[in-house]
Structures are given as structure tokens and as C-alpha cells.
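S.K.: Take a look and give me a structure for this.
(one chain, ligands or ions: 1)
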Amino acid sequence: MTHPSKIPELGESIFSVMSKLARKHEAINLGQGFPDYDCNEKLRSLVATALNKGKNQYCPMAGALELRETIKQKVARTYKVDIDIETEICVTAGATQALFTAITAFVHKGDEVIIIEPAYDSYKPTIFSVGGIPVVYEIKSPDYKIDWHAFSQLVSEKTKMIIINTPHNPTGSILASADIIALEKLVARTNIVVISDEVYEHLIYDGHQHESVLKYPQLYNQSIAVYSFGKTLHATGWKMGYAIGPPHLMKEFKNIHQWNVYCVSSFVQYGIANYLSDPNVYEDLGSFFEAKRDNLQIALSGTGLKPLSCSGTYFQLFDYSAITEVDDMSFSKYMVEKVGVAVIPISPFCGKRYNSKVVRMCFAKSDNTIAAAAERISKKLGQNLPTN
Ligand SMILES: Cc1ncc(COP(=O)(O)O)c(C=O)c1O
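M.R.: Down below sits the predicted model:
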């Protein structure tokens, strides 16, 4: 008996490949996108208190009431919109499960889903697993902007969904208000559902504002926005997130959610609800990570790695074309094996044709980690260069 894979072309993720190489070569890992420092002590203690106070049984399917109330307050404060805790919020096992649920809820066999590449790596396999067809719009270095006229050419009567991501992993680019308005116009009077991946909503720099779909009532009526407590609370391993959308979309979203997980870890939800009642927790994130971004850029100045513009996320792209012409896979292998610093190539976030001399580094790292990586790069980059 054979069991053909629903996602045959997509093997091991680039993150596990590079992390294995990092362990093998004892490299400093700036590849994987998570902090190398612990989350806040108060948060850990509030979660532990909830655990010890017996918050250990199923909570409501859409999430603990306290957490949905906190999310409502956070959204009201951040985006000046009022959402209903009964019909517009669902707490999920990370943003990944929210994305999976949204795609499963609305994409049927043969439906097309427009994604923007480079793209977060879960979109494509999820689309394939429900029989959907990804249609790719490519954004290019150095500014990774969307030409909405060219984008609109991809929309057809088969288009069921468009997935956007702002701030954008891996490029660090953000969508401006004009982009969101262009998207709103494009999908007006269609049956298209927009998934807005906003997991880095608070990681935004240089005075920019995050343009959430929640702020655009007409677009919101066709959208599901997806968030991650992993990113906002420096606790990626808890896999906690949530989705927000209008009642008519969230009804079907929750229909899938309840038969998938029903509800997610209750004691963590109560702990987070308590912790997030202090808005400084998320409002200080932008300046916290902006300092880390600047620190990385300064530490690597003079190494020949050229930083591209980074307006959001905790990822910084570097153009290495002044150092070598090899492709980004070869350069990343060189970095981990010979320089001793793991980075992530951009091409695995894209279709095979993508060719750019750019790699991604994660700056959600302690100052010591960044300093140690910079020291290795300053000393070794340029020696023993590979040839394609
Ligand atoms: C753009 C984007 N979306 C979604 C996720 C997944 O978030 P979570 O860990 O909450 O599932 C990530 C994680 O790296 C991401 O970068």
C-alpha cells in the first residue's frame, strides 16, 4: 500500500537544516527566528500561578473569557476599533494553527490562493494540503514593494484567498496605508477572503505605524487577521496566538477550530490574560527591538555585508554581493561551516527560480550573542570563500 504525500515537493524546512548545521559546526545561530533569552519573569510566574490554581481543564472553545476580554482591550487601545469577544476572536495554538484553520475553512479543492514570496514557509504546504493552488506574486530586493497593478493581474474568478504579511518575514518590509487601500479596492465586491498575517504587529520601527486590516472596516469585513503571543511575549515555544475576523467568517473558522483542537492550553491563557493587562508589555516592544536591530547593523558595519532597509520584524536582511557571487544556499553553508555563524538563505522562502544575494539574520538575541557573532564575522568573512 502506498500513501502519497499531499505536500510531496516540500521536504525538511530550511530552519531545521541550518540549525542542524549550526549544532554540527558549533556556530552561533542567528538563523532561527526566536529569542535566545528567556521571557519575562512576571509572565512566567503568572502562568505558573494559573497552573497551580487549577486552571487545568478545558476552557471555552474560542478561548478563556479573560483572555478574549484582554485581546479586545488591546485591540481597542492599539487600533481604536471595537471587536466582540463572543463572535470575532478565537485563541489558537500559535499563529500557525490560526493560518491552517483559516485556509482549511475557506479554500476548497482547485481554489487559488495568492501569496507573496518570499513568504513564511507554512502557507504553501497548508494550501496544498487542502487541494488549493498557490499563485505567487514575487517581491524583490532591495525594497520588496508591491506593484498593485501587476498584483491585480493574478486575480481571477478562481481566486478564493489572498495572504498578506506585514511586517514581513523574511524581508522586514511593511505595508503602508496606500497598500492596504489598494488591496481593499481590489477585493471589494468579490468573494475573496484576505488572511492578514500580523504576528509582528508591535515590532515596527523608525516611527512607522502598523497598518492592520482591523483599521479598514470594508476590508476587515472580508479578512481574518492572525497574531502570535509567541512573538509579542518572547515565548515562541508556548505556541499561543489568536485570530480576529468578522462574525460571518469567524463562524466557519471556529467550526474548523473546534474539530481540530477544540480549545488550546488553558492555564497559559489565564496567565497571558493577566500579564497583558499592562499595555507597556507590548507598547515597549518596538523600541526594544529597534535597539537590537541598530546594534546588529553597527556591529556588522565594515564587514562587507550591506543591511537592507528593515522597518519591522526581528529579521535583518544583508546583501553579500560585495563579498561573493555564489548563491544564497552556498553562502549560508559557508557562513555556518567556515565563519561559524548560522544565517538563513532567502531562496527557500520562494519558488525555485528566486535568485538574490541576500541572507537573513535574526536579531532577537542577547547583546553578547550579537557581539560574538560580529566578532567571528569580522575575523573570518572573506576567507576560504566557496565557488558555485
Ligand atoms: C510571518 C509569520 N507568521 C506566522 C508565524 C508563526 O507563529 P507561531 O509561532 O505563533 O505559530 C511566524 C513564525 O515565525 C511568522 O514569521
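S.K.: in a helix, that's where T78 is, yeah?
M.R.: Yes: according to DSSP: H, G, I helix; E, B strand; the rest coil, the state of T78 is that of a helix.
S.K.: Now do the contacts for it.
M.R.: E201, S212, Y282 (Cβ atoms under 8 Å, 6 or more residues apart in numbering). (C-beta placed from N, C-alpha, C; glycine too.)
S.K.: ok, for F34, nearest residue in space, not its chain neighbours?
M.R.: Of all residues not flanking F34 in the chain, T236 sits nearest, at 4.3 Å (Cβ to Cβ, 6 or more residues apart in numbering).
S.K.: tell me the domain boundaries of this structure?
M.R.: Per automatic domain parsing, the structural domains of the chain span 14-38+283-380, 41-277.
S.K.: Does the longest one reach the ligand?
M.R.: Yes: judged by Cβ under 6 Å from any ligand atom, domain 41-277 comes into contact with the ligand at 94-96, 120, 165, 169, 197, 199, 228, 230, 236, 239, 241.
S.K.: rewinding a little: please pick the buried ones from the contacts of T78.
M.R.: E201, S212, Y282 (16 or more other Cβ atoms under 10 Å).
S.K.: with those residues in mind, which one is nearest to F288?
M.R.: Y282 (10.4 Å; Cβ to Cβ).
S.K.: host element of that closest one?
M.R.: For Y282, the host element (DSSP states H and E) is helix 280-283.
S.K.: can you pull the buried residues of that helix?
M.R.: Buried-residue list, helix 280-283, by 16+ other Cβ under 10 Å: V281, Y282.
S.K.: Mean confidence (pLDDT) on that helix, please.
M.R.: The average of the pLDDT scores along helix 280-283 is 96.
S.K.: Check stretch 4-21 too.
M.R.: For stretch 4-21, mean pLDDT rounds to 84.
S.K.: Contact partners for the residue lying closest to M335 once chain neighbours are set aside?
M.R.: Leaving aside its chain neighbours, M335 sits nearest to V343 (5.0 Å; criterion: Cβ to Cβ, 6+ apart). The contact partners of V343, taken as Cβ under 8 Å, 6+ apart, are M18, L30, G31, F318, S332, M335, V336, V359, R360, M361.
S.K.: Equivalent analysis for K254, please.
M.R.: Contacts of K254 by Cβ under 8 Å, 6+ apart are M61, A62, C90.
S.K.: I'd guessed the second one sits against D84; true?
M.R.: No: contact criterion Cβ atoms under 8 Å: A62 and D84 do not qualify, at 10.9 Å.
S.K.: Residues contacting the helix holding Y282, please?
M.R.: N40, K74, T78, H202, T232, L233, Y275, L276.
S.K.: Buried ones among those residues?
M.R.: K74, T78, H202, T232, L233, Y275, L276.
S.K.: any idea of the pLDDT on K352?
M.R.: For K352, pLDDT reads 67.
S.K.: So which bits of the helix or strand of the chain with the lowest mean pLDDT are buried?
M.R.: For the chain, counting by mean pLDDT, DSSP states H and E, helix 14-24 ranks last in confidence among helices and strands (a mean of 91). For helix 14-24, the neighbour count (16+ other Cβ under 10 Å) marks I14, F15, V17, M18, S19, L21, A22 as buried.
S.K.: tell me what it is packed against?
M.R.: strand 28-29, strand 341-342, strand 344-345 (3 or more Cβ pairs under 8 Å, 6 or more residues apart in numbering; DSSP states H and E).
S.K.: what's the closest of those to H208?
M.R.: Here strand 344-345 is closest among the helices and strands packed on helix 14-24 (Cβ to Cβ), at 23.7 Å.
S.K.: contacting residues around that closest one?
M.R.: Contacts of strand 344-345 (Cβ under 8 Å, 6+ apart): 14-15, 18, 31-32, 170, 327-329, 331-332, 359-362.
S.K.: Closest one to S266 out of those residues, please.
M.R.: Looking across the contacts of strand 344-345 and measuring by Cβ to Cβ, the closest to S266 is Q32, at 28.1 Å.
S.K.: Helix or strand: which one has that closest one?
M.R.: Assigned by DSSP H and E, Q32 belongs to neither a helix nor a strand.
S.K.: picking up where we left off before, which of the contacts of helix 280-283 lies closest to the ligand?
M.R.: Closest approach to the ligand among the contacts of helix 280-283 (Cβ to the nearest ligand atom): T232, at 9.4 Å.
S.K.: most remote residue from this structure's center?
M.R.: M1 (37.7 Å; Cα atoms, centre = their mean).
S.K.: Tell me the confidence at it?
M.R.: pLDDT for M1: 73.
S.K.: check contacts around it.
M.R.: Contacts of M1 by Cβ under 8 Å, 6+ apart: none found.
S.K.: what's across from the residue in the stretch 201-350 of the chain positioned nearest to the ligand in the sheet?
M.R.: Proximity of the stretch 201-350 of the chain to the ligand (Cβ to the nearest ligand atom) peaks at S228, 3.2 Å away. S228 has these beta-bridge partners by DSSP bridges: G241.
S.K.: returning to that earlier point: from the contacts of K254, pick the one nearest the ligand.
M.R.: Checking the contacts of K254 one by one against the ligand (Cβ to the nearest ligand atom), the nearest turns out to be C90, at 13.7 Å.
S.K.: quick one, what contacts L65?
M.R.: By Cβ under 8 Å, 6+ apart, the contact list for L65 reads I85.
S.K.: Make residue 1 into 35 and carry on from there
M.R.: Renumbered: residue one is now 35, and that last one reads L99.
S.K.: Would you map the strands across the chain?
M.R.: 62-63, 123-126, 146-151, 167-172, 193-199, 227-231, 257-262, 275-278, 340-341, 349-353, 375-376, 378-379, 392-396 (DSSP state E).
S.K.: nearest to F185, of the ones you listed?
M.R.: Here strand 167-172 is closest among the strands of the chain (Cβ to Cβ), at 5.3 Å.
S.K.: What helices and strands are in contact with the closest one?
M.R.: strand 146-151, helix 157-163.
S.K.: Mean neighbour count, these: which tops it?
M.R.: When the helices and strands packed on strand 167-172 are scored by mean count of other Cβ atoms under 10 Å, the highest mean neighbour count falls to strand 146-151 (a mean of 22).
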